[in-house]
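S.K.: Here is my input, please return the structure:
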Amino acid sequence: MNAQHGPGASAHGTAPFRQPLQPLAPLALTLTALAHGPLGAQDNPLSRDTGVVVVTSGRPSSLPTIIPTTMEGITARDIEERINAMNSEDALRYFPSLLVRKRYIGDYNHAMLSSRASGTGNPARSMVYADGILLSNYLGNSVQGLSFPPRWSMVTPAEIDRVDVMYGPYSAAYPGNSAGAVVEFITRMPTGFEATAGASYVHQPFRLYNTDETFRAWRTDASIGNRAGPWSWLISASRLDSTGQPQTFATRTLGTGTSPTSAGVPVSGAVADRNNANADIRVVGSGTQYATVQDHLKFKLAYAFSPTLNMTYLGGLWQNDSQGRPASYLRNAATDAPVTSGPIVIDGRQFAALTGGDFPLTREDLLHQMHSLTLKTTTQGEFDWAASASLYDYTRDTNRRNAGTNTLPAALLGGPGTIARGDGTGWNNMALRGTWRPAGVGGAHIVDFGYQLDRYRLTYLTSNVAASTATATPNWMVDPAGSMASDTGGTTRMNSVYIQNAWRFAPQWLAVLGLRSETWRASEGYTRIAATPVNPAFNQSWPEREKSYRSPKAALSYQLSDDSVVKFASGRAVRMPTVFELYGNTSTTNSQYVNDPDLLPERVVSAELSYERTLADSNWRLTCFQEITQDGIFSQSVFDPIANRSIARVTNVGRIETRGAEAMLQKRGLLVPALEVLASLTYTDSTITENAGFVATPGDTVGKRQPNIPSWRGTVLATYRFGTDWTGTLAARYSGPQFRTLNNADVNGFSYMGVSRFFTVDVRALYRIDRQWSLAFGIDNLNNYQYWNFHPYPQRSYVTQLRYAMR
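M.R.: Down below sits the predicted model:
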């Protein structure tokens, strides 16, 4: 990872900055001055002017010309040397204030991104792009239904050329979802003929409760590409075969047991623990132990009409076959046979019967595709422009599971269940951007402006599985859909225009002023729920909604000296409700989600003040930040022990105030010339100060901490170079205690559904065998720290990677 350096610095030192008023042209400074080698195979696409990032690359990207806020980056070489990367989101592991809730290798449905003032339960407050294509999933903001993390799997680690992160909503080029951070993956394009191949293997011994198993993951990838004349192309393919540790656990709260017993099987094997509210529980089994096989195929084609006009097409396919499996810890006390259904007796107390909700079986079959086309000029003259269009489509998306009445072991062979289909869901985006460098004002201005259209469409139908014949028993694994259980859907659409002016009004001063105007519309919304023995049928078509907002942005940068700069940035952001939050009332055997069609948009006002200094062999930054959020949107899950399911409701939270500080240091040659250290430390105070709603009693959320935001978090990464062929890295991450619930009632983080503190240590050694071959070995979570974010994170994992690259 490389900090974004101050103005006037070169890759090996500093240079005088003060000079007469001049155009805002790219300086000879790359943003990865402490990286080793060039920024990437293409060009050096970023530079800095008066502490403000200037983007000059002709590659497809969402980044505007001027980025007035804190920015951090990492190159492909840094990833290879320092990170045991099995998925693209691993590239963000040691960024300041960032965390991806990745529960296992290939986590496709829960890997949410959090940032300074946005927790892992709020992925709609950050943006993730790959080559200008939106990977963030704004169909929803939770893990319910289709689940809505960024589509990380559309990028593999081997493709990455660099990753850049912009903190906060300070650029007018982005919508309100940028309140947390904007992540941009730039993937590789060849400069000549190239071919690559790689294989990675992970071995994870896992012990928790009565689970004692070893889980493994394989990734293989290959690519081939070339550049000849104006044409360049790249084809890449990858397969990931991963089994993860159990993610859910069936429990019984001790207080719900009755004595004397009237029925039930006396059992052994239950494990005593305390739940996240510190109540005594018995853990009776595990669930959601995924085995997933994911295939990824991508084709990129670029054509240069001239040295300054380029067209790029990108097409990607991602396929996932996944199975979730449970395991019972219980044995019949008399016969020692496994117990998976019916009432149970533990230590003389009778508990509710085991159902299919305790031990769910799932099968998912997913095929997603994305496409984009970009036309862009890079004259660096008076005017440049770009036009782009992209789409992401759920071509096939089915999730089968057994019914609550269908228990093990019979459910392994079939029986009743449901099939949920999200086919046809997706989003498309279009953007027209321009950059004007007026010639008549001495080059003191750069004006970015543009128009954007974003449309999101959700269709999610859950049906009871129908028997293939009139006399047959339904088979949830293979039979077709029958009667409707629930059906939800709708559309949101955003039209936006923006303008942003970077103005150097004095040699040491630079101001960036921007305004964004957005019109949001929600339409075609519907929620249909079939009748149940306890609830009548529900069928509602929701009225259209339309709202318009304007979001001003302002930043000011002052060059204190040749090697230091002070920056201030402020901006407003409006995060609109997603389709699923508005309309997505869904239910499964062990969970339920309750929507709110009248949700208010989330309104954010953020500011940051930074001091940055760059020296010959180091740079450091201190940033103080503040965020005031009104009507924050949260999906809050509560476990109902009587219904034996998690119930999530989406709601507005009146006002949240967040203040904090973030420090970053990068030092090359610390103590010895071959040692490079990168460290960050963040303190955050995030408190709910107003809220008419409540969890259990009125007022029980006011004065409580915002969920999933720790007070302290930090990273340290030290890399030592043993000559030209060997590199060794030792890294550590820390995150302090935090809460998952709005009323902070989950006082025990070290339990299922809890969120715990953690301290983990990772190591990696890379050996470059020759110019083409490299071998790496690493260990993630070397200290085997058992930590939780609702689900258990991986334990100590051993990583081996072999790569070949002919370029």
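
S.K.: end to end, how far does stretch 246-261 reach?
M.R.: Distance across stretch 246-261, first residue to last, is 31 Å (CA to CA, to the nearest Å).

S.K.: Oh, that last question was meant for stretch 782-792, not what I typed.
M.R.: Span of stretch 782-792 from end to end, CA to CA: 16 Å.

S.K.: neighbouring contacts of it?
M.R.: Stretch 782-792 is contacted by residues 101, 103, 110, 120, 208, 245-248, 288, 637, 708, 740, 749-763, 793, 795-796 when judged by CB atoms under 8 Å, 6 or more residues apart in numbering. Every C-beta, even on glycine, is put in place using the N, C-alpha and C of the backbone.

S.K.: Drop anything exposed from those.
M.R.: Neighbour-count burial (16 or more other CB atoms under 10 Å) applied to these gives 101, 103, 110, 120, 208, 245-248, 288, 637, 708, 740, 749-758, 760-763, 793, 795-796.

S.K.: count of residues packed around the closest residue to Ala403 other than its chain neighbours?
M.R.: Once flanking residues are discounted, Ala403 sits nearest to Pro416: 4.2 Å by CB to CB, 6 or more residues apart in numbering. Neighbour count for Pro416, taken as other CB atoms under 10 Å: 21.

S.K.: Begin at 23 from now on, thanks
M.R.: I'll keep to 23 as the first residue from here, and by that count the last item is Pro438.

S.K.: State the pLDDT value of Pro438.
M.R.: Pro438 is assigned a predicted lDDT (pLDDT) of 95.

S.K.: Inside strands: which ones of the contacts of stretch 804-814?
M.R.: In strands, defined here by DSSP state E, the members of the contacts of stretch 804-814 are 230, 270, 310, 659, 780-785.

S.K.: May I see the buried residues of stretch 247-266?
M.R.: Result for stretch 247-266 [16+ other CB under 10 Å]: buried residues 247, 249, 254-256, 258-260, 262-266.

S.K.: go on, stretch 489-496?
M.R.: Pro496.

S.K.: Quick check: end-to-end length of it?
M.R.: Start-to-end span of stretch 489-496 (CA to CA) is 4 Å.

S.K.: For it, give the mean pLDDT please.
M.R.: The pLDDT scores in stretch 489-496 average 79.

S.K.: Show residues contacting that stretch.
M.R.: Contact with stretch 489-496 is made by 436-439, 486-488, 497, 501-502, 504, as judged by CB under 8 Å, 6+ apart.

S.K.: and if you look at stretch 562-575?
M.R.: 90, 191-194, 198, 512, 522, 534-545, 547-550, 591-596, 598, 604-605, 619, 623, 625.

S.K.: switch the cut-off to 6 Å
M.R.: Stretch 562-575 is contacted by residues 192, 194, 536-545, 547-549, 593-596, 619 when judged by CB atoms under 6 Å, 6 or more residues apart in numbering.

S.K.: Could you list the buried residues of that stretch?
M.R.: 564, 567, 571, 573, 575.

S.K.: Model confidence score at the closest residue in space to Ala461 that isn't next to it in sequence, please.
M.R.: Nearest residue to Ala461, sequence neighbours excluded (CB to CB, 6+ apart): Glu404, at 5.3 Å. Each residue has a pLDDT score; the one for Glu404 is 92.

S.K.: Go ahead and confirm Glu404 touches Thr457.
M.R.: No. In this structure Glu404 lies outside contact range of Thr457 using CB atoms under 6 Å: 9.4 Å.

S.K.: returning to what we had before: for ChimeraX, what selects the buried ones among the contacts of stretch 562-575?
M.R.: Filtering those down to the buried ones (16+ other CB under 10 Å) takes a single ChimeraX command:
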select :192,194,536,537,538,540,542,543,544,547,549,593,594,595,596,619
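
S.K.: what about Gly247, which helix or strand?
M.R.: strand 233-250 (DSSP states H and E).

S.K.: cool, and Arg304?
M.R.: Arg304 belongs to strand 302-328, assigned by DSSP H and E.

S.K.: Next: Ser164.
M.R.: Per DSSP H and E: Ser164 is located in neither a helix nor a strand.

S.K.: picking up where we left off before, can you give me how far whichever helix or strand comes after the strand holding Gly247 is from the chain middle?
M.R.: The helix or strand immediately downstream of strand 233-250 is strand 253-265, counting by DSSP H and E. For strand 253-265, the separation from the chain centroid amounts to 21 Å (computed by CA atoms, centre = their mean, to the nearest Å).

S.K.: Strand 253-265 pairs with which strands, and in what direction?
M.R.: strand 233-250 (antiparallel), strand 302-328 (antiparallel) (DSSP bridges).

S.K.: which parts of the shortest one are buried?
M.R.: Across strand 233-250, burial judged by 16+ other CB under 10 Å covers 233, 237, 239-241, 243-247, 249.

S.K.: can you put those residues in a markdown table and add distance to Phe170?
M.R.: Shown next, in a markdown table, are these (distance: CB to CB, whole Å):
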| residue | distance to Phe170 |
| --- | --- |
| Thr233 | 28 |
| Phe237 | 25 |
| Ala239 | 24 |
| Trp240 | 27 |
| Arg241 | 24 |
| Asp243 | 26 |
| Ala244 | 30 |
| Ser245 | 29 |
| Ile246 | 34 |
| Gly247 | 32 |
| Arg249 | 37 |
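
S.K.: Any chance of those in a markdown table with distance to Pro555 and pLDDT as columns?
M.R.: Shown next, in a markdown table, are the buried residues of strand 233-250 (distance: CB to CB, whole Å; pLDDT from 0 to 100):
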| residue | distance to Pro555 | pLDDT |
| --- | --- | --- |
| Thr233 | 35 | 97 |
| Phe237 | 40 | 98 |
| Ala239 | 43 | 98 |
| Trp240 | 46 | 98 |
| Arg241 | 47 | 98 |
| Asp243 | 51 | 97 |
| Ala244 | 54 | 98 |
| Ser245 | 55 | 97 |
| Ile246 | 59 | 98 |
| Gly247 | 59 | 97 |
| Arg249 | 65 | 97 |
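
S.K.: Good, wrapping up.
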